[in-house]
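K.L.:
Here is a sequence together with a model predicted from it:
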Amino acid sequence: MKKVAILGSTGSIGINALNVIREMPGKLSVFGLAAHSNSALVARQAAEFAAKAVSMFEPKASDELKRRLDGRTRRLAPGVEGLCDMASHPDVDVVLTSLVGGVGFAPLLAAIRAGKIIALANKEPMVMAGAQFMREAARWGARIVPVDSEPSAIFQCVQGLSPDPRAVVPLKTIRRVFLTASGGAFAKYKGDLSNVTPEQALKHPTWKMGRKITIDCATLMNKGFELIEIMNLFGLKREQIEIVIHPQSIFHSGVEFSDGSVLAQMGVPDMKLPIQYAMTFPERAERVIEPLDLVKAGTLEFRAPDFSRSPCLELAREAAQKGGGMPAVLNAADEIAVSAFLGGRIKFTDIPRVVEKTMAAHQVSGGLPGFQEIVEIDAWARAKAEESCR
């Protein structure tokens with residue numbers, strides 16, 4: 001039985017992961033749970049799943065959790081320290097990280113250096129320093145399995161190219177990948193985007209997700225992040241990744257190989273599927289979701305994105321091209337801008353303005369930045385982006 005540590009257990013991905021574990025007794029169990037501040041929910045989760053360890057990011061919430069625990073569960077330190085301790089614990093087999101934003105940077109590194117299988121839903125660290133993380137994973141024998149439905153689809157399509165599940169994909173066999181996007185809340189919106197509200201932007205047509213990623217889907221920044229993540233996960237060039245709008249979210253993504261054949265991963269739009277795949281990797285377990293009915297699905301639509309209405313996607317492509325610390329700047333500035341939009345401080349159309357202004361102020365230096373330099377770039381970019389939100 002695999003023991004799973006869930007970093008971000010109170011969010012959408014974490015709750016779905018627990019739903020999967022609940023339906024797979026004897027195959028998966030919960031070792032640890034970590035969350036930001038919802039101590040009441042974490043206490044209930046720990047009791048139901050008999051978690052051995054828990055950690056709250058906020059110190060006050062950690063103190064509250066201590067009073068709620070029944071004594072059978074160990075409380076780890078608050079903050080990043082507790083997250084890293086849980087991610088690297090010797091009893092953990094799989095680390096599911098679904099933390100929001102750059103806070104997942106250090107725990108991911110800790111899990112990698114402990115040689116874990118990492119079910120990665122927190123794509124921001126792979127945007128910030130994906131090439132560096134992949135290099136560390138190869139060094140320490142860790143395996144990063146993406147959880148987001150589209151990167152997961154690509155990951156699944158390239159499995160079997162080598163009998164060794166830890167082997168690097170032979171890149172010469174991949175011509176390009178098709179990275180699909182639903183289009184977000186405003187896929188069919190023809191009005192002035194400068195006047196849309198957070199409530200409108202949070203109405204995703206297909207997926208139920210956290211607030212930050214839902215806004216990123218509305219701006220298509222999430223697809224830009226996935227482009228960078230996929231470049232780093234598979235060592236692909238930007239030109240090998242074709243972004244396609246697919247409103248039905250059934251064709252999750254596909255890979256075209258050197259002989260012209262295309263392998264695609266399809267399924268109902270349910271996050272439990274890629275979560276289950278990542279937690280049980282390299283095995284495939286019995287499904288916990290409804291099967292895909294192609295006849296019922298009917299027509300599947302595909303079209304090119306409208307870059308003129310998706311400046312965030314173009315900014316992500318620019319950051320991917322420039323490399324260095326620019327993807328980290330992109331990520332940090334977007335995190336600040338989205339928070340400001342949700343808080344009513346800036347307009348929806350100000351999100352790309354803040355990101356672009358922050359990127360313009362950063363000078364890319366030669367070579368691949370180290371982890372400490374990435375952390376410093378992240379801090380600088382956040383402060384710079386805040387200036388543009390005032």
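P.N.:
Noted; the coordinates are in hand.
K.L.:
domains in the chain, as residue ranges please.
P.N.:
2-148, 171-269+292-388 (automatic domain parsing).
K.L.:
Quick check: mean pLDDT of the longest one?
P.N.:
Domain 171-269+292-388 shows an average pLDDT of 92 in the prediction.
K.L.:
next one: the shortest one
P.N.:
Here the mean pLDDT over domain 2-148 is 95, rounded to a whole number.
K.L.:
roughly how far out does it sit from the chain middle?
P.N.:
The chain centroid and the centroid of domain 2-148 are separated by 14 Å under CA atoms, centre = their mean, to the nearest Å.
K.L.:
quick revisit: can you tell me which of the domains of the chain is most buried?
P.N.:
Among these, domain 2-148 has the highest mean neighbour count (mean count of other CB atoms under 10 Å), at a mean of 21. C-betas here are computed from N, CA, C, even on glycine.
K.L.:
then stretch 85-100 to CSV, C-alphas only?
P.N.:
Output of stretch 85-100 as CSV, limited to C-alpha atoms (Å, rounded to 0.1, in the frame of the first residue of the first chain):
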residue,chain,number,x,y,z
ASP,A,85,9.5,17.7,6.8
MET,A,86,6.4,16.0,5.5
ALA,A,87,7.5,16.0,1.9
SER,A,88,10.8,14.2,2.8
HIS,A,89,9.6,11.9,5.5
PRO,A,90,11.0,8.4,5.1
ASP,A,91,7.6,6.7,5.5
VAL,A,92,6.1,8.6,2.5
ASP,A,93,5.9,7.0,-0.9
VAL,A,94,4.0,9.6,-2.9
VAL,A,95,4.0,13.4,-2.3
LEU,A,96,0.9,15.1,-3.8
THR,A,97,1.7,18.8,-3.9
SER,A,98,-1.2,21.2,-4.7
LEU,A,99,0.0,24.3,-2.9
VAL,A,100,-0.9,27.6,-4.4
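K.L.:
Where does the residue lying closest to residue 200 once chain neighbours are set aside fall, secondary structure wise?
P.N.:
Leaving out its chain neighbours, the residue that sits closest to residue 200 by CB to CB, 6 or more residues apart in numbering is residue 185, at 6.4 Å. Under the criterion DSSP states H and E, no helix or strand holds residue 185.
K.L.:
State the distance from residue 185 to residue 79.
P.N.:
Relative to residue 79, residue 185 is positioned 33 Å away (CB to CB, to the nearest Å).
K.L.:
The nearest residue to residue 78 once chain neighbours are set aside: which element?
P.N.:
Distances taken as CB to CB, 6+ apart place residue 62 nearest to residue 78, at 4.0 Å, with adjacent residues excluded. Assigned by DSSP H and E, residue 62 belongs to helix 59-68.
K.L.:
With only the CA atoms kept, save that helix in CSV.
P.N.:
C-alpha atoms of helix 59-68 as CSV (Å, rounded to 0.1, in the frame of the first residue of the first chain):
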residue,chain,number,x,y,z
PRO,A,59,1.3,29.5,13.0
LYS,A,60,-2.0,30.6,14.5
ALA,A,61,-3.9,27.8,12.6
SER,A,62,-1.2,25.3,13.8
ASP,A,63,-2.0,26.3,17.4
GLU,A,64,-5.7,25.8,16.7
LEU,A,65,-5.1,22.4,15.2
LYS,A,66,-3.2,21.3,18.3
ARG,A,67,-6.4,21.7,20.3
ARG,A,68,-8.5,19.8,17.7
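K.L.:
In terms of secondary structure, what does that helix contact?
P.N.:
helix 39-49, strand 53-56, strand 74-75 (3 or more CB pairs under 8 Å, 6 or more residues apart in numbering; DSSP states H and E).
K.L.:
Nearest to residue 139, out of those?
P.N.:
Residue 139 lies closest to strand 53-56 among those, at 26.3 Å (CB to CB).
K.L.:
for that closest one, packing partners?
P.N.:
Looks like strand 53-56 contacts strand 28-35, helix 39-49, helix 59-68, strand 74-75, helix 79-87 (3+ CB pairs under 8 Å, 6+ apart).
K.L.:
which residues touch it?
P.N.:
5, 31-37, 39, 42-43, 46, 62, 64-65, 69, 73-78, 82-83, 85-86, 89 (CB atoms under 8 Å, 6 or more residues apart in numbering).
K.L.:
hang on, the earlier thing: I'd like the helices and strands packed on helix 59-68 as TSV, with distance to residue 312 appended.
P.N.:
Shown next, in TSV, are the helices and strands packed on helix 59-68 (distance: least, CB to CB, whole Å):
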stretch	distance to residue 312
helix 39-49	32
strand 53-56	32
strand 74-75	39
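K.L.:
for these, which one sits closest to residue 246?
P.N.:
Across these, the minimum distance to residue 246, taken as CB to CB, is reached by helix 39-49, at 33.7 Å.
K.L.:
on that earlier part again, tell me the backbone dihedrals of the residue nearest to residue 200, please.
P.N.:
phi -60, psi -20 (degrees, to the nearest 10).
K.L.:
Same question for residue 90.
P.N.:
Note on residue 90: its backbone torsions stand at phi -60, psi -20 [degrees, to the nearest 10].
K.L.:
With adjacent residues omitted, what lies nearest to it?
P.N.:
Spatial nearest neighbour of residue 90, excluding adjacent residues (CB to CB, 6+ apart): residue 114 at 7.6 Å.
K.L.:
Let me know the distance separating that neighbour from residue 237.
P.N.:
Using CB to CB, residue 114 is found at 31 Å from residue 237.
K.L.:
Could you do residue 304 as well?
P.N.:
Remark: distance between residue 304 and residue 237 (CB to CB) = 19 Å.
K.L.:
if we can go back for a sec, and the residue nearest to residue 90, its phi and psi?
P.N.:
Per degrees, to the nearest 10, the backbone of residue 114 is at phi -100, psi 0.
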